Structure formats: C-alpha cells, structure tokens
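# any chance you can model this:
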Amino acid sequence: MRIILHNIIHGLLLILGVTLISFLLMVWFGPDQTYTLIGKNATASQIMEVRHELNYDQPFMRRYLDYLVELFTLDLGASNSSGEQVNSILRRTLPVSLALMLPGFIIGNLLGIVLGLIAAFRKGTWSDRLITGLSVTGMSISFLIIIIGLQVLLSTPYGLNLFPVRGWQVEDLSSYLAYVTVPTLSLILVTLGYNTRFYRAVFIEESSREHIRTARAFGASPATLMWRHVLKNSLVPITTRIMFSIPLVVISGSLLIESYFGIPGIGKVSFDAITSGDQPILKAVVGLTAVIFVLIQIATDFIYRLVDPRIS
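Here you go, the predicted model:
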C-alpha cells in the first residue's frame with residue numbers, strides 16, 4: 001500500500017512538473033492569438049474583449065490552474081480554425097492514429113527482438129555482421145525517403161500499383177489492410193534498425209552475466225539460454241523501451257505519416273494546428289501527451305515488479 005501511495009504521489013508531482021513546462025512553452029509564452037482572430041485594425045475595446053475571452057488578462061497561476069482543470073476534466077475548448085470541440089476532434093482522430101500506427105509498432109518491436117536474439121546468439125559470425133550492417137543502413141536512411149520509395153514501389157503505376165496513394169476510406173478489413181499496408185511497412189523499416197541494435201546490445205550484455213555462464217556450464221542448450229534465460233532476464237529494458245515509445249510513435253510518428261498520406265488522425269490534426277497556430281488543439285495534444293508519459297512511467301514501475309520480483 002505504501003509503495004502504491006508513493007507511486008501515486010510521485011506521479012502527481014511529475015504531472016505537475018511536466019504540465020507546468022508545457023504550459024510555459026505552449027500557453028504563457030505561446031503565440032498571441034488576439035490579432036489572428038480579430039485582425040490588425042481592431043479598436044482598443046475589441047482587443048480588450050478578445051483578450052478577456054482568451055484569458056490573456058488573467059494572472060499566471062489562474063491561467064495555469066485553468067489549464068490543469070481543462071486537462072483533467074477533458075474540457076479542452078474549441079478549435080480556433082474550425083470551431084469544433086477539441087474533445088470531438090480527439091475522439092474522431094485518435095482511433096485512426098492507433099489503427100494506423102500500432103501494427104507497425106508491434107511488428108517492428110517483435111522483429112527487432114527476434115533479430116536481436118539471433119545476432120546475439122550468433123555474435124561475431126556472418127549472420128550477426130549482416131544483421132548489424134542492415135540495421136545501421138536502415139538507421140541512416142531518412143524516414144521521408146523510405147516513405148516515398150515505398151509509395152512509388154507499391155502505390156503508383158511506376159511500381160506494383162497495389163495500394164492507395166493517399167487517404168483513409170476504411171469501411172471493412174480489406175480496405176483497412178489496403179490503406180494501412182504502406183504506412184506500416186514504412187514505420188517498420190524506419191524503426192527496425194534502431195530496435196534491432198538496441199535489443200542486440202541488451203541481449204549481448206545479458207549473455208555475459210554469471211548466471212548465463214553457469215547455465216551454459218551445466219549443459220543448457222543455446223536455444224534454451226537465449227529464449228528462456230536471456231530473453232526473460234532482459235524484460236525490464238524491453239518493457240522500458242516499448243512503453244516509453246508508445247506516445248512518441250502515436251504522436252510524433254503519425255505526424256509525418258499522416259501528413260504525407262493525408263490520413264485524418266491525431267498527427268495530421270497536430271500538423272495543421274502547428275501551421276495555423278490553433279492553440280487549443282496544440283494545448284490539448286501537448287498537455288495530454290505529457291500526462292500519458294507520466295501515467296506510462298507509473299504503469300511501467302508496476303510492470304517491472306511483475307517481470308522481475310527482485311525489483312522493490
């Protein structure tokens with residue numbers, strides 16, 4: 001009970017700290033929307049009225065507390081560009097981003113773990129050098145180059161012309177697979193090199209520990225060593241990487257993919273908000289992303305204790 005209470009208090013302090021930084025960057029020192037909304041030839045009374053509606057005339061702590069209330073009650077206001085409620089925008093776009101990004105995220109991590117195990121198991125051999133070389137090559141290629149290359153190869157008459165070039169007209173499983181394939185392959189190719197290199201390093205470090213050498217001395221097979229002992233004892237760094245990658249992949253990764261492919265997810269909405277200065281949407285995305293990071297950290301602490309009871 002004391003550990004749970006400690007985690008909750010620690011999480012709340014982290015949320016306050018992260019949201020304070022987000023508030024300073026996005027709201028307090030953010031762009032002034034007054035003249036964007038009313039133009040440059042407004043009267044002094046009109047300017048004061050708009051600034052009052054935007055809460056620009058309120059003191060720092062009042063605006064910060066209002067920001068916290070908005071985040072925790074999910075009363076996020078309306079978009080400056082469309083007038084649509086931000087809650088409605090998030091409900092409409094977040095499922096699209098999850099459906100778009102999760103397949104590539106899951107497959108990329110699973111492939112990275114498998115290739116990392118093979119490379120660590122075959123350390124120093126040609127297969128290890130091949131996997132490492134391909135990983136470094138994948139890490140050195142631009143995300144945009146990979147997207148363009150796959151799109152030309154799979155979605156245009158210059159290639160196989162099998163999948164849609166842009167859009168998201170998903171009605172059933174077949175249409176979903178048609179629209180998600182190229183973005184998923186792009187995400188896998190971009191992240192696989194980083195994942196493989198990370199997991200290979202983790203598995204090689206674990207393979208050098210005393211208990212692995214002891215198990216090998218007692219006749220454990222290489223497959224048993226890698227899959228049962230090395231993989232099991234590497235779950236803590238694996239969990240850390242996967243859990244803390246989720247917000248980055250869903251928000252940052254979807255921003256480029258959705259903008260390029262014209263997919264109406266949270267990334268496309270965030271990109272449009274950045275270009276138009278739509279502060280309510282930016283406040284919501286940045287603030288909620290910060291809160292999600294903190295909640296994931298709290299959840300990760302509990303998962304650590306499940307995968308390794310030695311952690312107190």
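
# residue ranges with poor pLDDT in this protein?
Applying pLDDT under 70 to the chain flags residues 1-4, 7, 39, 309-312.

# the domain parsing of it - what is it?
2-73, 94-277 (automatic domain parsing).

# for those, give me CSV that also has mean neighbour count and distance to residue 302.
Every C-beta, even on glycine, is put in place using the N, C-alpha and C of the backbone. Shown next, in CSV, are the domains of the chain (neighbours: other CB atoms under 10 Å; distance: least, CB to CB, whole Å):
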stretch, mean neighbour count, distance to residue 302
domain 2-73, 13, 8
domain 94-277, 17, 10
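
# would TSV of those with distance to residue 86 be doable?
Shown next, in TSV, are the domains of the chain (distance: least, CB to CB, whole Å):
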stretch	distance to residue 86
domain 2-73	9
domain 94-277	9
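
# what's the local residue count around residue 300?
Residues lying near residue 300 (other CB atoms under 10 Å) number 15.

# would you map the helices across the stretch 101-250 of the chain?
126-140, 143-155, 173-207, 210-217, 222-224, 231-233, 235-247 (DSSP state H, counting those that start in this stretch).

# out of these, nearest to residue 52?
Closest approach to residue 52 among the helices of the stretch 101-250 of the chain (CB to CB): helix 235-247, 34.5 Å.

# that closest one - contacts with which helices or strands?
With contacts taken as 3 or more CB pairs under 8 Å, 6 or more residues apart in numbering; DSSP states H and E, helix 235-247 sits against helix 86-121, helix 173-207, helix 279-307.

# nearest to residue 243, of these?
Short answer: helix 279-307, nearest of those by CB to CB, at 4.7 Å.

# what comes up buried for that closest one?
279-291, 293-294, 296-298, 301, 303-304 (16 or more other CB atoms under 10 Å).

# list the helices and strands it packs on?
Using 3+ CB pairs under 8 Å, 6+ apart, helix 279-307 sits against helix 2-23, helix 60-73, helix 86-121, helix 235-247, helix 266-276.

# state the distance from residue 265 to residue 230.
37 Å (CB to CB, to the nearest Å).

# sorry, slip of the keys, the one I care about is residue 273.
Distance from residue 273 to residue 230, by CB to CB: 44 Å.

# want to try JSON lines for the helices and strands packed on helix 279-307, with distance to residue 139 as columns?
Putting the helices and strands packed on helix 279-307 into JSON lines (distance: least, CB to CB, whole Å) gives the following:
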{"stretch": "helix 2-23", "distance to residue 139": "29"}
{"stretch": "helix 60-73", "distance to residue 139": "35"}
{"stretch": "helix 86-121", "distance to residue 139": "12"}
{"stretch": "helix 235-247", "distance to residue 139": "15"}
{"stretch": "helix 266-276", "distance to residue 139": "22"}
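
# closest to residue 195 out of these?
Using CB to CB, these put helix 86-121 closest to residue 195, at 2.8 Å.

# would you mind extracting the C-alpha trace of stretch 296-305 into CSV?
Presented in CSV, the C-alpha positions along stretch 296-305 are these (Å, rounded to 0.1, in the frame of the first residue of the first chain):
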residue,chain,number,x,y,z
ILE,A,296,3.1,5.2,-18.6
GLN,A,297,6.0,5.7,-16.2
ILE,A,298,3.8,4.7,-13.3
ALA,A,299,2.4,1.7,-15.1
THR,A,300,6.0,0.7,-16.1
ASP,A,301,7.0,0.6,-12.4
PHE,A,302,4.3,-1.9,-11.7
ILE,A,303,5.2,-4.0,-14.8
TYR,A,304,8.8,-4.1,-13.6
ARG,A,305,7.6,-5.8,-10.4
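
# nearest residue to residue 54 in space, please, no chain neighbours.
residue 33 (6.1 Å; CB to CB, 6 or more residues apart in numbering).

# tell me how far the one you found lies from residue 110.
Residue 33 is 44 Å from residue 110, by CB to CB.

# how much space separates the closest residue to residue 261 other than its chain neighbours from residue 66?
Nearest non-adjacent residue to residue 261, counting by CB to CB, 6+ apart: residue 166, 5.3 Å away. Remark: distance between residue 166 and residue 66 (CB to CB) = 39 Å.

# ok, residue 65 to residue 142 distance?
43 Å.

# now residue 178
With CB to CB as the criterion, residue 178 and residue 142 are 25 Å apart.

# equivalent analysis for residue 46, please.
With distances taken as CB to CB, residue 46 is found 47 Å from residue 142.

# before we move on, back to that, touching, the residue nearest to residue 54 and residue 79? I think so.
No - using CB atoms under 8 Å as the test, residue 33 is too far from residue 79 to be in contact (11.8 Å).

# circling back: could the helices of the stretch 101-250 of the chain go into CSV alongside distance to residue 10?
Listed next are those as CSV, based on distance: least, CB to CB, whole Å:
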stretch, distance to residue 10
helix 126-140, 34
helix 143-155, 35
helix 173-207, 26
helix 210-217, 31
helix 222-224, 38
helix 231-233, 26
helix 235-247, 16
